[in-house]
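1. Okay, sequence plus prediction incoming.
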Amino acid sequence: MLMRIAKWLLGGVTAGLIWAAAGGAEPLAAADPQNPAEQADTPRRVGRMFKVTLPITTAQPLRQSVLRTLERLRAEKVRPVLIFQFVVPKGQREFGRGTSLGSAYDLADFLSGKELSEAEVVGYVPQSIQGHGVLPVMACQTIIMAPDAELGPAGVDEPSITKSILGSYEDIAARRKKFPVEVALKLVDVSRELLAVETDLGTDYVTPEGLAALRKKRTVAGQTILFRAGQPAQFSGAEARRRGFIDYLASDELELARSLEIPPESLRDTAPLDGQWRPVRVDVKGPLKADLIDRVDRMIRQAIERENANFVCLWIDSAGGSPADSQRLAGYLAELDSTRVRTVAYIPREARADAALLALACDQIVMHPGAVLGGEGDAAFSQDSVAEVVRFIRKVIAPNKARAWSLPAAMFDPELKVRRYRRGAEVAFFSEQELKEQPKPEAWVPAEEVTRPGRPFSVKGSDAVTLQLANHVVNDLAGLRERFELENDPGLMEPRWVDTLVEALASPKLAVLLLIIGAVALYAELHTPGVGVPGFIATVCFVLFFWSRFLGGTAGWLEVLLFLLGVACLMLEIFVIPGFGIFGLGGGALILASLVLASQTFVLPRNEYQATEFRNSLLMLAGATLGTIVAIILINRWLPRAPIVSQMILHPPTHEEAEAISASESLAHFERLVGMHGVAVTPLVPGGKARFGRTTVDVLTDGDFVPRGAEVEVVEVQGTRVLVRAVES
């Protein structure tokens, strides 16, 4: 019976494998990108971002970090673009006030001095700034502001404006000539009056006292009072751009990179201010569930807050599984300050479906050449969920991580078309909507389409750098360590011992071994009832299998109940109602279904990746079933001859022993009565008693009534059943 059940299971697995092979789609392939654009004769422009947190206390750590970065860029023979982003911390409502004049001037002197003469020094102001933090902004060679960010007033922290303060602002303004001297002085000294004067050569900014001198040099066409005496001066980004005080407007880092014509990913390549990485590693492996996301979130926060880590390597090997939870963690990663904590996603094998969100939310992505980013995975997306993920990429990930959003969005929206575009030597990848969002969309020349209609976009590591989705390609963790100049491998944030055990038990090889041992032990228990050891082993194996799958996120109570119901049906078929096999077939099917469902996060495959996972689940069951059959055959041959076990097994009796047992179990022998005559001692209706000589025996007639005292004859004996008939006189 057990062998027949094993055949049912093997047949079901084989049929499933044939179905998966027939229904599976062709392997995923990344879009075939063109070769990178040829470099121009001039040195390549490479940007590096440094964040200046307000208020400024000292410029020395920033100065050392900038000089180290400049030295590395000098060795690469590129044209460095050093970008200083002036940041007001969250919760600070005074627009960065509190910077001392000494600290501000030291930084401004460094930014406009000879040490950085070979680099383009860029100041980026995404938020409103007041106080002396305005001074180093004016010291930058190129100034970029958000349209609604405001600059000034600069002297709000000073009880009185001295000549030394005015001299500092006059010095820096004269060096860069971005803000006219009188504008710079008005920003710091509220008591001054500022006029905008239209002359034959343009607009000049003077005080009323300077207007008379200007009339002697230029032809004055008109004048306007910009700020009266006692009125604080401040300029929004839009107004400063209109007046020519700044060079560009940019609402986020992506627009910043586009304005400077540098690769957006290069903004994420600066070293820590103290020059020392304190790296940690957090693993994200297997199906993404709420408990796994929560555990990863806790480990990252603990590493940053308790261990002062400033480099988090997120090791991602997952096909996704929970878009909502992935968005929650990706939002936290995207909003981390990259100057305080660098986040790097390392993908050795795959980051599919919503697992790709975690990688895209990191500052940099490092991939193995054969690893896959994006594409179908363990999560099936509805139209509403696709729209939500695309919105999340556009509004959260792209602006925080200076990424173009079209290709990341195409990883979830199979209908989004993305093309390669060129602007001189610069290459970018836009959808039509993102192209329209560019400052000068007409400057971009379209090339080939890089997405395939009808399927989510995916890319291998070997192509991800060219497509501007990954920053580096390495063969192993040692390559990542070398690329970021880490002294040691990032310290692994260890999960609990139970997480390590679950991961080991969930591996395909160990899962097959558990199923084989459990099935063989169950078979042995059924053949040696009362011993208990095989039954205990079988119970432990199946409990470990389902426990690992339960904690691993691929199984729930449904799979456990299906398995128990299947075993119960098999027991009924074997011990209670053997016959046609309905309970045997149904029980085998339930066990098969429970083991398949326990190995995956879906019921029926809905995309190519899930079809592959379904095939792998069936292969695991096929291996376990085949291994069980082989083990049972070997046990049947070996176990009865084993020295100790043979004494615990009941061997079938020989032919002679069977006859002796049958004879000994017989209660009486009536064969000798055949043909004998006797007398009915009771009426036979049709059963009764008859006496043959001195022996009284229970007898039966063939249905006729025989009265008491009538003569009867024995015609047949069947065991203890004696058949008689009446003898006619």
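-> Everything's here; your move. Numbering: from 1, shown residues only.
2. Looking at Leu551 now. What's its pLDDT?
-> pLDDT, Leu551: 64.
3. same deal with Val567?
-> pLDDT, Val567: 83.
4. Run through the residues that contact it.
-> Shown in contact with Val567 (CB atoms under 8 Å, 6 or more residues apart in numbering): Gly587, Ile591. (Each C-beta comes from the backbone N, C-alpha and C, glycine too.)
5. Which helix or strand contains it?
-> Following DSSP states H and E, one finds Val567 within helix 557-571.
6. Name the next helix or strand downstream of that helix, please.
-> helix 582-597.
7. buried set for the helix or strand following that next one?
-> Once the chain leaves helix 582-597, the next helix or strand it forms, by DSSP H and E, is helix 608-638. Residues of helix 608-638 classed as buried: 608-615, 617-625, 627-629, 631-632, 635 (neighbour count, 16 or more other CB atoms under 10 Å).
8. what mean pLDDT does helix 608-638 have?
-> Rounded mean pLDDT across helix 608-638 is 79.
9. Show me what it is packed up against.
-> helix 2-23, helix 508-527, helix 582-597 (3 or more CB pairs under 8 Å, 6 or more residues apart in numbering; DSSP states H and E).
10. Could you tell me the least trusted of those?
-> helix 2-23 has the lowest average pLDDT among the helices and strands packed on helix 608-638, namely a mean of 47.
11. what sits against the residue nearest to the spatial centre of the chain?
-> By CA atoms, centre = their mean, the chain has its centre lying nearest to Ala355, at 2.6 Å. If a contact means CB under 8 Å, 6+ apart, then Ala355 has Val284, Leu288, Ile316, Ser318, Ala319, Gly320, Gly321, Ser326, Gly377 as its contacts.
12. Tabulate those residues in a markdown table, adding columns for pLDDT, neighbour count and distance to Val714.
-> Below are those laid out as a markdown table (pLDDT from 0 to 100; neighbours: other CB atoms under 10 Å; distance: CB to CB, whole Å):
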| residue | pLDDT | neighbour count | distance to Val714 |
| --- | --- | --- | --- |
| Val284 | 93 | 22 | 88 |
| Leu288 | 90 | 30 | 84 |
| Ile316 | 96 | 28 | 90 |
| Ser318 | 94 | 27 | 84 |
| Ala319 | 91 | 26 | 81 |
| Gly320 | 91 | 27 | 84 |
| Gly321 | 87 | 25 | 80 |
| Ser326 | 92 | 25 | 88 |
| Gly377 | 86 | 30 | 83 |
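13. Among those residues, which one lies nearest to Val344?
-> For those, the closest approach to Val344 (CB to CB) belongs to Ile316, at 10.6 Å.
14. Please enumerate the strands of the stretch 301-450 of the chain.
-> Secondary structure of the stretch 301-450 of the chain by DSSP state E, counting those that start in this stretch: the strands cover 311-317, 342-347, 350-351, 364-367, 372-374, 419-423, 426-430, 445-449.
15. ok, and what's touching the first one?
-> This means strand 311-317. With CB under 8 Å, 6+ apart, strand 311-317 has contacts from 272, 277-286, 296, 300, 303-304, 333, 341-351, 355, 358-359, 362, 480, 484, 486, 490.
16. could you give the angle of that strand to strand 342-347?
-> Interaxial angle, strand 311-317 versus strand 342-347 (axes from the mean of the first three to the mean of the last three CA atoms, to 10 degrees): 20 degrees.
17. What is the burial count for the residue nearest to Ala398 when sequence neighbours are not counted?
-> Distances taken as CB to CB, 6 or more residues apart in numbering put Trp405 closest to Ala398, at 4.0 Å, once the chain neighbours are dropped. Neighbour count of Trp405, defined by other CB atoms under 10 Å: 24.
18. How much space separates Trp405 from Val390?
-> 8 Å (CB to CB, to the nearest Å).
19. What of Gln327?
-> Taken as CB to CB, the span from Gln327 to Val390 is 11 Å.
20. If you count surrounding residues, which of these two has more?
-> Comparing Gln327 with Val390 by other CB under 10 Å, the one with more neighbours is Gln327, at 23 against 19.
21. and the gap between that one and Asp354?
-> 7 Å.
22. With Phe235 instead?
-> For Phe235 relative to Asp354 (CB to CB), the value is 43 Å.
23. Looking only at neighbour counts, state which of the two leads.
-> The residue with more neighbours, out of Phe235 and Asp354, is Asp354; 28 against 22, by other CB under 10 Å.
24. pLDDT at the more buried one, what is it?
-> What the model reports as pLDDT for Asp354 is 93.
25. With the one 10 residues further on instead?
-> On the pLDDT scale, Gln364 is placed at 91.
26. One more: Pro264?
-> Confidence score, pLDDT, at Pro264: 75.
27. and it, how many neighbours?
-> Pro264, neighbours per other CB under 10 Å, totals 21.
28. Who are the contact partners of it?
-> So Pro264 contacts Glu253, Leu254, Ala257, Arg258, Ala402, Arg403, Ala404, Gln468 (CB under 8 Å, 6+ apart).
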